[in-house]
Structure formats: C-alpha cells, structure tokens
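Sequence and computational prediction follow.
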Number of protein chains: 4
Amino acid sequence: MTDQDLDFTIERLGECRFPSPMRKGRFAGDGERIMYHSRFDDMKPYLAAGAEPPALELAGPRERIFFDPATIACGIVTCGGLCPGINNVIRAVVLSLYHHYGVRRIYGFRYGYEGLVKRLGHNPLDLTPEVVERIGEMGGTILASSRGPQDPAEMVDNVEELGIGILFAIGGDGTLKGAGKIAGEAARRGRPISVIGIPKTIDNDISFIQTTFGFETAVAEAKLATYAANTEALGAKNGIGLVKLMGRDSGFIAAYTALVDSQVNYCLVPEVPFTLPGLLRSLEERLTARGHAVIVVAEGAGQELLAATGGRDASGNVKLGDIGTYLRDAIKEHFARSGREINLKYIDPSYIIRSQPANPHDSALCLLLGHNAVHAGMAGRTNMVVGFWNNQFTHVPIDLATRQRKKIDPDGWLWSSVLASTGQPRDIR
Amino acid sequence: MTDQDLDFTIERLGECRFPSPMRKGRFAGDGERIMYHSRFDDMKPYLAAGAEPPALELAGPRERIFFDPATIACGIVTCGGLCPGINNVIRAVVLSLYHHYGVRRIYGFRYGYEGLVKRLGHNPLDLTPEVVERIGEMGGTILASSRGPQDPAEMVDNVEELGIGILFAIGGDGTLKGAGKIAGEAARRGRPISVIGIPKTIDNDISFIQTTFGFETAVAEAKLATYAANTEALGAKNGIGLVKLMGRDSGFIAAYTALVDSQVNYCLVPEVPFTLPGLLRSLEERLTARGHAVIVVAEGAGQELLAATGGRDASGNVKLGDIGTYLRDAIKEHFARSGREINLKYIDPSYIIRSQPANPHDSALCLLLGHNAVHAGMAGRTNMVVGFWNNQFTHVPIDLATRQRKKIDPDGWLWSSVLASTGQPRDIR
Amino acid sequence: MTDQDLDFTIERLGECRFPSPMRKGRFAGDGERIMYHSRFDDMKPYLAAGAEPPALELAGPRERIFFDPATIACGIVTCGGLCPGINNVIRAVVLSLYHHYGVRRIYGFRYGYEGLVKRLGHNPLDLTPEVVERIGEMGGTILASSRGPQDPAEMVDNVEELGIGILFAIGGDGTLKGAGKIAGEAARRGRPISVIGIPKTIDNDISFIQTTFGFETAVAEAKLATYAANTEALGAKNGIGLVKLMGRDSGFIAAYTALVDSQVNYCLVPEVPFTLPGLLRSLEERLTARGHAVIVVAEGAGQELLAATGGRDASGNVKLGDIGTYLRDAIKEHFARSGREINLKYIDPSYIIRSQPANPHDSALCLLLGHNAVHAGMAGRTNMVVGFWNNQFTHVPIDLATRQRKKIDPDGWLWSSVLASTGQPRDIR
Amino acid sequence: MTDQDLDFTIERLGECRFPSPMRKGRFAGDGERIMYHSRFDDMKPYLAAGAEPPALELAGPRERIFFDPATIACGIVTCGGLCPGINNVIRAVVLSLYHHYGVRRIYGFRYGYEGLVKRLGHNPLDLTPEVVERIGEMGGTILASSRGPQDPAEMVDNVEELGIGILFAIGGDGTLKGAGKIAGEAARRGRPISVIGIPKTIDNDISFIQTTFGFETAVAEAKLATYAANTEALGAKNGIGLVKLMGRDSGFIAAYTALVDSQVNYCLVPEVPFTLPGLLRSLEERLTARGHAVIVVAEGAGQELLAATGGRDASGNVKLGDIGTYLRDAIKEHFARSGREINLKYIDPSYIIRSQPANPHDSALCLLLGHNAVHAGMAGRTNMVVGFWNNQFTHVPIDLATRQRKKIDPDGWLWSSVLASTGQPRDIR
C-alpha cells in the first residue's frame, strides 16, 4: 500500500456531550495515534521532509461520549464462516455495554444480515449478562450466521425502528463492506447511528490488523492435523501426509503452522506459485532421501493449476478449485505411474479447526477487541473497524481496512523463516 | 458364541525349567482362571449340572519360566492401520523383557510382516531401553507398518536365524491369524518359538477383549469432531453436522461417542440397519422441531445402501463403500429437491483420531498388556493373545479370539443407552 | 469381605403398577443378576455345593414402574468435596426424569444436606432441561456442596412437604450413610419415598463399584503434576519431584498414576507401609545411580509416621496429618545434614485435579449412572446405590456399599504392576 | 527509560569476511532498523528537530558472516528456573547451526554456568540434530540448569580450550549479566568470541522484548488454576479461590490471566499497591453481593505487607515473603474472627505451569529466536540479546536489556483493561 493510500481520518457522528460513566483506568486522548510504520527506512522520508507520518487513531475509552447510555439500544450481528472467538467478542461487547456504560437494551440479530431484515422474520435475541456469561467457552456463534448481503435500506429501517444507536458487525471483508453500506445509508438519512466492525477472518488477511482473533487458535489446532500427517507418514513406507488448511488469498495459517510444527516439509501458499512437476520432482528426492514427507497446502494455493470453476459463493467469494484433492490425486497418480509404492493420507481439518473455542490468547484478544469496539461506538465513531497494530488497539476506516488484503511477502522475514524451517526449495518448479 | 465354541486351552511350548528372575509382586498360579460369564443366567446351567463353566487362563508372571533370558532373542512386529498406543505396547514389551527378565537382544521388525521376510531387505531395529524411553508420548508406531500377509515359512526362517524365542505381533484380526500361521509353522518344525499376539483394533471388535487399547483415546478424540459438527450445525440455518467415524463391522466408537457427546442426535452403526427414506424423514422432522441436527455414522454402517464395490484391501478386508460421502450427497440432494435451505458440514476425522498418542487410560492399559504379553511368552505360552476380561488380563487362543467379531447387541444395554441418549427412533425406516 | 457378609437384597417401596413410558430399548428383567465373583476359584465352592453364588441386581429400565411420573416430584443433592462429573450426573438425572419419564418438577437442593433443611433457608433450584443443558462441560457442581450430616427428620419433613418421591444423593461414604438414614426415616413414617445414592469418590474406594466416576479424569489430570515433577527433577542436579495426590484410605489414584506415567519412581499408598529411613536410603541410592527421582504419595500414606492430629473434619473424616509437607521437609533436612545438594520441588495439585470437567470416559459413565439411578428410583427401589461391576450397572444396598472401603490388595495384580513399573523396592524399610 | 538512556549500538567482533552459506530467503541489510517508539507523541520531538529517533538493529541472516562454519565450535548453556520453550530454543539453535551454516561441533553445557567451569567436572553433551530432534515436545531443559554466577575467567578458559566461537546463553536477568561478563572477559583477552543471550523470563519482564518465550504458555496454563479456583469458589458457601502466580517484579502473568479468565475478581500485582484492610473490606462486600470470589496474586505483589526476609537466593534475587500463604491465612483469620463461614481454597500452580512444553505460539517464537540468535552470532555480533519489538526480531545490547525491568504501567491500557475485566476497585485500600 502506498502512503498516498493511507488516509486515517475517522468519521464521527458529532459532539461528545455526555461524561463517560467509566470511573476506572485511563482515558484515551483524542489526538493519540499509533504510527503505521515501524521500520526506520519507512520513516526516513518523513524525517527528511519534516512531514507527519501516517498514524492510526488510538482506541480506548473516551472521557466524553456521544450516546446517552440510558436511552440507547445496541445491536450485534455475526456474518460469514465460523472462527474461534466470535462468542467471546459478543460477550465482551455485551458486558462492556452493560457494566461499563449501563446500556440495558442489546439485540442479538440472528443469521447474519438476514436477521437485520425484519421481513425475513428472525426475531433478535435479548442479550443480557446472564445469556452471555459462559459463552466464551463455546466455539461458533450463539447468534448463528449466514453469508451474503442484504438491502441496506431495509436493514437501517429495522435499526431505526428498534432505536439502535450502535450496530456491531463481526465479520470478514464482505461483512465489513456491508457494514460500510449500512453506515452510509444511515448517514444519508442523517441518523446518528454508529456502525463498528470487528474484523473476523481466520486467515488473518485484513490490513492494519497485525493478528485477527481466532488466528492463533487456528494455528494451534492445525497442529493436530500436521501431527497426524507426520505420524501417518512415518508409519508406512514412503508415507506422505497431505494437509489442506484455510487460506483463500493469504497463506498465514499454513506458514505459521510450518513454523509451529517443524515436521512440515512443504508449505504451499497462494502468494508463492509452484508447479506440479516441480513439486513431484522434489517429493521424489525427499522420499528417496528420507522415506516420508509432510505437505501443508493453503486452500488458495496453486489455483493456477486448476481449471477455473467460474462461480462465486453467497458471500461473493470466488469459488476455489480444491487444491487438496487435486494434489492428492495428482501425487497418487504420478507414483502409481512410476511404479513406486507410496502411502498418502489426506487430511482436511477445516471444520474441526474453525469451530473450536478460542484459546487463552484469543480469549484475551477478543475481550479487548470487544471493549474497544464499545468505547469507539459510545464515543460516536462510525464506519470503522477496531484494529490492532504495533500491539495497540486502533480505529481504522472500513474503506481502508477492506481496500487490500494483507498477504505474505515472499521476500519478507516470515516466508524466509518458513523456508529455513521446512527446508523446501525456494522455487518449486 | 455358544458354549460349545469356548475352548480355552492354551498351547505351551514345554516344561518351565527356569526360575523367574522377577523378585517383586505376586506370581499367577497356573490353575487360576477368570470366568467367561458374569451374568447369573449364563451360570445357571453349570450350577444345575455341577459342570465347570468356561473360563480363561489368568495372565501374569509365573514363578517358573520356559526360556533362558540370558540366551533368548525376541522380536516385535506391528501390522495394519495406526491406533493410539502401539508405541506404548512396544515400550512396555521392551522394558519388561529388559528389566524384568534381563533379555538383551530385542529386534524391532520394520513395516509389518514385510520386515520378517529377509529377502525384502528391511533390517530390523535394535530395541533398547534408550530407544523406547520416550516413545510412549508419540502416536503411530516407530516400527512402521504394512498390510497383508507374508509367507510363514520365510518368516520362520528369519526368526530361527536370528535366534528369536518369542515373537510379539501387534495387530488386528488379519495380523493375529498371520501370527497363528507363524506359530503353526514353528510347531510343524518342532522349534520352541512362542508367538504372542497383542490385539490392536481401534474398533474394539475382538472377542474376549472387553476394551482394546486405543479405543478410549479414539472415542475421546472423536468428540473433537462431534463438537465441531454441533457447533457448525448451530451456527447456520438448518445446520446439519455429519461425522464419519471408524467402525467397519462394529459400531462401538460411534456408540460410545454418542454417549460421550449428548449433542449427537443420530448414531448409525453396522449392527443396526436403517433406510435412507427413514433417515431423511426423521431428519426433516427434527429440523422443523429444532433447526439443527448432528449425525454420527460408522464407516461400516448402511453398506446395504451402497452398490457393492467388490474389492478387498491388502489386509484382505472387504472394501467398503463410502457411507459418509453417500449420506452427505443424498441429504443435500434431498433437501435441494424439496427446496429447503440446509447447511451440511461433513467431517471425516479418521486419520487425526487414529494417529494421536494414547491417553492416560490407554497408556496404563498398554503397559499392562505389554507386561502380560512378556510374562506369557517367557512362560512358554504360544499361539495366543493377551486378553482383558472382567477387568483381569487373560490368555486367549488366537483361533478363538479371531473366530468371530465382537459386535453391539441391538437388544443390549449399550444400544439401549445410545437410543436413550440420542433420542433417535428405534427403527429408522 | 466374606461371602456371609454379602446380602444383595434390594429394598422396594411396593408394587410397580404403572407401565413405563419408555418405548425404546430393552427392559431389565427383575431376576437378572450380575455375579459378584469373576475368578473361578471363588466360584468353586458354589459349584461343589450346588449353591447360588452371590449376585447383584442388574440395573436398567423396568417395564412397570412404581411412581406415576405425572404427579411425582424429584430432588437432587450433592455433598462433600468436588469430583469431576458431578454436573454430568445431575444433567443425566434431570434429562432422564424429564425426557424418559415425563417428570416435570425437579428440585436441586443447594449446599448439600443443608439445602434439605427448610429452616436454613436455602431455596432449591428448579432443574429444567434448559438449566442443565450445558453443565456437563463444567467442573464442580451447580448445586454447590457442604460437608456433614443434618437431622433426617427435618430433611424428610421437607421432602414430604415438596411432594418428592425420589431423592437422588450424590456423595461419598458419609453422604450415602446419610441417605440411608433418610430412607430409614421415610420407611419409619411409612412414606413411599425412594432414596437413591450415586457414589461419588474421587479415590475410587467404594466397594462393589469397579470404577467411580471422576476417577479416570483424576488420574489423567494427575499426570500433569507428575509430568511437572519429572521435568523439574531432570532440570536440576539431584532433582527430586514430590507429588501429593488424593487417596485418604485407598491409593488407587497414586497407583494408576504410576502406571500411566512411567517416570514415577516411588509410589506410596496407605495400604503399603514404609519407613522414612527406608525411603531415604533408597532415594540416596537412586540419586547416585540416576541423578533424579519422582515420588508420588497418596495423602493417606505413611500416617503412622506422623503425630496423630486427633480431630475430624465436618464430614466426620479423621483429619490426616500432611504426609506431603512432612516428606518434603524430612527429605530436605536429611540431605542438608548429609551435605548433598538436592533440588526438591513439591507439588500438591489436588484442587486443580478435582475441579476439572469430566473427561469423555467419565462423561459417558456419569450419563449411564444417572440414567440407571432414575430407572431404579422410578421402579421403586430405595436405600441403594447404583453400582458398576463386571462392566454392568447394578443395584447395591447402601449398607453393603458403605460397610467396608475398597482398597489396593498389596498381594494383587495392581500393586504388583505398580512395583514392576516404578522399579521401587517391594519393602521400603 | 529516557531517550538519553537508549544506546542501541551493537558490538561487533570484526569484519564479516565469509559469504553466508544460506541460499534461501532474504538477508537483512546492516542498516535496517526497527524504531523503538510506535506512538506518534513519542516521535514528535524527533520530527520537530529533524533528529534520528532511537531504533534497534534488525535481526536476521546476513549476506556475509564473521565465522568460518567449517572450523568453529559453538556452545549452549541454560540457567535459572524452568520456562516453557527452553528446549525449543536449544533445538532451533542446534538445527540452524547445523543445517543453515554447517557447524558440526556444538556443545551443550550442563547445569547452567557450572557446566562452563571445567574444574566442576560436568562434561558437556554433544548436540546433534538427532539429539535435539524431538525435544521441542518436552518441557524443561535437556541441559539442566543451576542458579548463580561463576568466575568469568574460568569460563572463558574453557570456552577457549574447546575452540568455541559463539556461546549462546539462555536465561534471565542474572544470566544475561553473566553473559555480558563473559563477553567482557573475552574482549579483554582479545579473543573473537561472540556471546549471544536469548532472554528467558516467564514473567515477561525484560525491556525491549514485547513478549518473552514461554509467557503465552504460562498464561494459558495459569487458566487451569483460575478455572479450578472459580469452580471451587462456586461449589461452596462463600467460596474463595486464591491463586498465586509467578511475577516477582512485574505482574504480567497475573494481569493477562485476568484478561483470559473473566471469572477473576481481583488481580494483585507488584506494580499496584494495596492494603490488607482494603482487600478484606472489598471481599466482604463481594461475598455479600455474589457469594463467591476469585483472587489472583502475583508472587511479588504486596511485599510491603510482609516482614522483610532479608536474604537472597543463589541467583541473587531478593527472597520474597510468601504473599500467597500470607493472604490465605489473613483472610481465613479475618472471617473466623467476624464469625462468617467462608471456604477458601489456595492454589499454587507454579511448578506445573513452568514445566509444561511450549504451546504452538511459543514453539514458533522459540524457533525464530533461536534462528536469529544464530544469525547474529555468525555475523559477529556479541554482548547482545535477541529482542522482539513491534513484531520484528532485533539486536539489543545486554547492558541495555538488563538495565531496567519492564513493568505494568498502572496508568496504561493493560492495567485499565484488567480493571475493566475484573471490576475490582481502582484503589484497594
């Protein structure tokens, strides 16, 4: 992303007239910001020019707030696929609204954006502290989810009718863009409705978020699968364990899994192309040398090897060809043709991974994301997501957060470390 | 099994001339036996007739042993698919031979029965206490495995050449039958070679073994998958979680998983037939009533619904049709036709389950199985497996143990409890 | 226990006039019994005499029941210390009463027997399927607990007033004796009140129960502590890891933990005396030979080494001296005196162990115990506990179950296996 | 720390004459740096003055290296208390030296700095890829450890004699200072010996390291204890669960545990003073309102409440009074005096926590720390530690890293979030 793209101004609904009811801890000053760059080389031009470097608004409770907690209602909606930690975020938002600010009407919309469309007849849940008390130990989402957009006008009609001041949308790229449209529709109507996104992407591929919630849990659970793949590979002649992991556009889960489990010998990600003959040749050499191999492939890797499927799912995502079964069949066929006995075991653990409860790391992250989302909404911010950058929580405009996916830099330290750990060729071709 | 089938006489190689070097604990008397029956109704006829009821020889160390530990070599082989605990059994056998009896030459044959055929060139490993010290924490088998039989004569040639007195074979039905053939060949040659089987079947389907090692671990790990299935089912409209579990001929894993995770609504096992229309009808009613469903299906269930595949795998097992993907597709198609939106997630966790390390329960069980296998071999028993019955370790002739699979009794308490827990119809048709 | 002591006759409240509403599965016949003995030697005298051997009534649903589910109320109480699985039992009892029989009024008494005394003012909870749905994933007891007896008359007054037909008491020795007194008081008054005990003892020390719920979980969790002890012992010069585990009168947890974790070098239990000089001498030898040691001691072991404390806790249990800190100090002092540097780490994991949720094994066990308790109560049994013997669920008179604790037989296979696994001296003196 | 204190200049042994044998991935440029500050307010003065802001040298492989891998030997030593991940770091260092650079002589010194003193007779281990292959799954340290310093001259004598070019020291504050003295002694002698520290502190209290290895694992494991504390507190009348966690000078473990487990009601840390009467008063109110409470106390908290003990341990750390047992006794006594029944359970899980294996997050972190330590050493850096700052690995002078501990800022966002999550009073007095 070029610096010209970086425009961090956060939209505000208006003046913050109410004193915050929070009495503990520290308030964030409105001018506090976190710098986008942390490498000195990136900072040099600004120093040379005496110019202000790009920086994000610091998140946190404000001394004065925009909404009157006594009268406001709030709503929460969860969209897209499951990810560890959604319930923790719901819980944190509800408890913060209730205990930190005194909000008493909190609606949980069911089945994603469908639940915001009155016509579809999904009645929202009343979210109280009792309802959410123990949900942090559960995977999934108590609100259930769906994919795909709905008409912003219909949704804002419902939001207005329910007297909702802040709408929290937990979801990925498409969900956040949808949230932006709701914010836009509300602005067009001149209604003081805050729309706050909490980025959910198990792939960890949202810009300005160093690690999204659920990602650490996903990597930890993925090790179950690579452990199994390695055990199977070691347990038979020319054993090959092949694991498909999540990662449509960005291979962070696959890459970190390779760092976590050093039994992984090949890590294939969308950002780094490879050829099938290159992979087969390297695999042959490895089987000759070591007698077994473990391969991790992100679902979005090697799409150029597959015939285009052409379609899109309900969320508007391009339907990917299945690189996992493609590689499984291609490897089996290759060695069958060459007359070499192999024992390939294929593992696709995606549903098991994404439905687990948040691990302790993600529990804490979700708590803080939820709290900061509430602080942002109460302080009248809108059309933004809660970010996490240089270990600080920040405010990021939705438009900016969704402009471009975060990806592995094939020339950066992460991929370099993956190559060092797996020992795989730099170019598999 | 009728009582006429029950012949518990254990083959012995000859007189036990050596005093046992074990100094601790209690020795089993040669006449000690464990009764096969534990229900009073089964005992009545014997009481009436004053006849001796069927009983199994008690396992355990004997005061006098057949082999001279100073001169004997021993061998271990692992065959068939992975199962939690194989390494624990290897470890227990090696440590017991080494520390309890003082045996110093222990061969670990590689790649199943292939490793016993000299011509195939797999050199055996030297198994020492150092080699096996920490393997109990590892899934899989350090000896690796293969499927299928080898020529008993070739194997006994090698066993003789290496000076092996006791051969321990860890494996399932086919492996144990193969072990019986090795014992037979050795007997034919008049060689005092003991062959001791340690039954390995994750399906828990071997007669005279109340629970095989790895079974408890498998059930515990299966919960990961049903947890995911339920979370996914709850997270979407008309969510259906479908989990395929191991269980070729016997549905014990599926049945116990249903008892462990009470979110399971349907448990389908090989022993209890069902029809597809019956399942679909019941599923429709459940979705209408509750909005989600979790189905667990054993891989051997509903085979009559599938076109016969006709083949057999290398172990000689009939190749099963894939009931998991069959049900997945049939359910999807049915609801697509009826125009009702469902969200079905299909999970096949088999490799993840079977490659895990033994849980604490199975660790202890494997230790005791391994110790008792060594005691049996040192005391000159052969052509037998170590059993576990009425919570006691026993000796069971291989022929008897493999004559008939253990299955769920559709009229017994286990299946009755599964029905009570899932709430599924007694007859799904 | 001599056979003369064995009187398994179960008290019944009267004729079973109602047809069971359960439509699925198999009913237990009233004459079905499970034999107490499973060793052939124990059966011989009966065969010789043509006499009926002792046997326990088989548990399970009956075709005709005593209570009318439409009018009956039921109550549940939990007493004594925590144990993994209590909530699972509560859940199973409630769901079985509700779904299998149609009972609609179920009271959960708070804080043990205190909750049954109206005067003390603890209002009972209404236990519905919604309340108990997810409690199986939680450790502890949602009813909370207390120690010590209350006046049976006061309790029966309350039970009568609430219209309770069946009272389920989940607890250990003292609790079950208390339950017997309640049953006695009800009988004295001629009231048809069934009192069913569900034995809870993490120590696994109740007669006629092969394994109590929570025991497997406790052993599994105990491995966390022995793992830590061994890691610490290996991480320093002459490292000693000392772990105190539960086991007041019976050392089953310590013994099985030694089988599960073969890094344990000494297992000290109440059933097998040892002397301090003997232990110190053996420890010195081991440190010289191996440089580290791991000791597991049951809380009731070596009480003869401690000055009597003389008191009793609120449950009436003799207050034990603390063998853990005694050994810790004695070992440190001994080596300080002898001038040898050691590094001893003492670990007491009791609260962490006992408060964990039930593992999958215990979840299933608790489900079946709860179901069978309900079946027994509905069929008019009283003054009994649900037992588990030879892998079958049974009915055991409270008086018999509490007459004598189950203990490790120092001459039996379990202790023999512990000696074989730890390598510790048979006599530590 | 004021900016004047920040001198990040890294010592180098001399010119890097050898080309790196690493062929994969990207090399770090020598001028690449990571800025120390990430808040815009901290950067303002530099922008105003056009001055260079403080920045740390970026870690990573260099294109040219100082040592000849063919001739160099390397050594590793581990000191101080256990921490999850030590073995992972050892493994990463050995594998990187061996595979990335081709170093073939790697010594593992036993028992901390004692192992570097030849006179004490602990022979070093030969660390090969085979030796370290699976140690990443083990807690503790295969090299064992000890506390306290040794004579730098004696240690450098030995290092010289063994031909060691790079010495890796894994340890905390005292260890790193000791490493600095070794580097100083080598420099005084004019020997080109690189000393690279890898900071090990479970307390996460080292400056310039955003998170030390083992910290995330510790927090995750600590949840076991708070889970138990909460379960016990809920299971009895006026139940209080009191957990002592690590944290001598800095309460990061306690604080993050409070964020992870929202059942924690009080978090007491060294950085925030409290009074006993204040705590007791608040506890009384909470018991009245909610009937139970969970308290987490860092071992270094409330030291001002305890009589000074005056001593220091072998590492030179001030011996702390035991705040855990102090609070336990004080709370029990207080309520006994006031006649209110409470049920307090005290849990000290330190050894269980610190001896666990690294979790997946820490496994990856240790891998990268180990690799970057090797890169730094091979490139001739010395007298430095590998840091982690703004999500980049860096080089930090030992002197700077050990000058001042990292602590919780009572006015910062972390403590503010802890107050928001626990609901505890801002001032407990």
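Cool, the structure landed.

and the gap between the residue nearest the centre of chain A and chain D?
Chain A has residue A:201 as the residue nearest its centroid, 1.9 Å off, counting by CA atoms, centre = their mean. Counting by CB to the nearest CB, to the nearest Å, the separation of residue A:201 from chain D is 18 Å. All C-beta spots, glycine's among them, are computed from the backbone N, C-alpha and C.

Of all the residues in stretch A:80-99, which ones are buried?
A:80-98 (16 or more other CB atoms under 10 Å in any protein chain shown).

so what's the residue nearest to the centre of chain A closest to, chain neighbours aside?
Nearest-residue entry for residue A:201: residue A:172, 4.5 Å, with adjacent residues in sequence omitted and distances by CB to CB, 6 or more residues apart in numbering or on different chains.

my guess is the one you found meets residue A:197, correct?
No: with contact defined as CB atoms under 8 Å, residue A:172 does not count as touching residue A:197 (9.7 Å).

Just want to know which of those two has more residues nearby.
More crowded of residue A:172 and residue A:197, by other CB atoms under 10 Å in any protein chain shown: residue A:197, with 30 against 24.

which residues touch the closest residue in space to that one that isn't next to it in sequence?
In space, and not counting its chain neighbours, residue A:197 is closest to residue A:385: 3.8 Å by CB to CB, 6+ apart. Neighbouring residues of residue A:385 by CB atoms under 8 Å, 6 or more residues apart in numbering or on different chains: A:176, A:196, A:197, A:198, A:199, A:206, A:209, A:395, A:396, A:398, A:401.

Show only the entries of the residues you listed found in helices.
A:176, A:398, A:401 (DSSP state H).

quick one: which of the residues you listed is nearest to residue B:31?
residue A:176 (76.7 Å; CB to CB).

what sits against the residue nearest to residue A:201?
So residue A:172 contacts A:79, A:80, A:81, A:199, A:200, A:201, A:206, A:315 (CB under 8 Å, 6+ apart).

Could you pull up the residues touching the fifth one?
By that I understand residue A:200. A:78, A:80, A:83, A:85-86, A:89, A:170-172, A:175, A:212-214.

same check, this time on the last one
Remark: with contacts taken as CB under 8 Å, 6+ apart, residue A:315 is in contact with A:80, A:147, A:148, A:172, A:174.

The one residue in the stretch 201-350 of chain A that gets nearest to chain C sits in which helix or strand?
Using CB to the nearest CB, the closest approach of the stretch 201-350 of chain A to chain C is made by residue A:224 at 15.9 Å. Secondary structure assignment for residue A:224, by DSSP states H and E: helix A:215-234.

Now the nearest residue to residue A:99 once chain neighbours are set aside: phi and psi?
Nearest residue to residue A:99 in three dimensions, chain neighbours excluded: residue D:423, at 7.0 Å (CB to CB, 6+ apart). Per-residue torsions, residue D:423: phi 80, psi 10 (degrees, to the nearest 10).

is it true that residue D:423 touches residue D:266?
No: look at residue D:423 against residue D:266 with CB under 8 Å: they stay out of range, at 9.3 Å.

what residues does the stretch 1-150 of chain A put near chain B?
A:82, A:111, A:138, A:139, A:140, A:141, A:142, A:144, A:145, A:146 (CB under 8 Å from any CB of the partner chain).

Can you flag which of those belong to strands?
For those, not one is inside strands, with DSSP state E as the criterion.

Can you select the buried ones from those in PyMOL?
In PyMOL, a selection of the buried entries from these looks like this (16+ other CB under 10 Å):
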select buried, chain A and resi 82+111+138+139+140+141+142+144+145+146
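
And the residues of the stretch 1-150 of chain A next to chain B, which two are furthest apart?
A:138 and A:146 (19.0 Å).

what's the nearest residue to the closest residue to chain B within the stretch 51-200 of chain A if we skip its chain neighbours?
When scored by CB to the nearest CB, the stretch 51-200 of chain A has residue A:140 as its residue closest to chain B, at 3.8 Å. Of all residues not flanking residue A:140 in the chain, residue B:231 sits nearest, at 3.8 Å (CB to CB, 6+ apart).

wait, what's in contact with that neighbour?
With CB under 8 Å, 6+ apart, residue B:231 has these contacts: A:82, A:138, A:139, A:140, A:355, B:241.

so which of those comes closest to residue A:25?
residue A:138 (28.5 Å).

quick one: that closest one and residue A:356 touch, right?
No: judged on CB under 8 Å, residue A:138 makes no contact with residue A:356 at a distance of 9.9 Å.

possible to save the contacts of residue A:172 as TSV with pLDDT?
TSV is the format used below for the contacts of residue A:172 (pLDDT from 0 to 100):
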residue	pLDDT
A:79	97
A:80	95
A:81	95
A:199	97
A:200	96
A:201	94
A:206	90
A:315	70
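
May I have the secondary structure class of residue A:386?
What DSSP: H, G, I helix; E, B strand; the rest coil gives for residue A:386 is strand.

Need the per-residue pLDDT for it.
Turning to residue A:386, the model gives it a pLDDT of 97.

Repeat that for residue A:146.
pLDDT, residue A:146: 94.

what about the residue nearest to it when sequence neighbours are not counted, how many neighbours?
Once flanking residues are discounted, residue A:146 sits nearest to residue A:112: 3.7 Å by CB to CB, 6+ apart. By other CB under 10 Å, the residues close to residue A:112 number 30.

What about residue A:53, how many residues nearby?
19.

tell me which element the closest residue to it other than its chain neighbours falls in.
What sits nearest to residue A:53 in space, not counting adjacent residues and going by CB to CB, 6+ apart, is residue A:46, at 4.2 Å. Assigned by DSSP H and E, residue A:46 falls within helix A:40-49.

How about that helix, which residues are buried there?
For helix A:40-49, using 16+ other CB under 10 Å, the buried residues are A:40, A:43, A:46, A:47.

mind checking how far the first one is from chain C?
The one in question is residue A:40. Residue A:40 is 40 Å from chain C, by CB to the nearest CB.

Tell me how far residue A:359 lies from chain B.
On the measure of CB to the nearest CB, residue A:359 and chain B end up 14 Å apart.

for that residue, what are its contacts?
A:84, A:216, A:217, A:220, D:220, D:359.

Residue A:68: what secondary structure?
coil.
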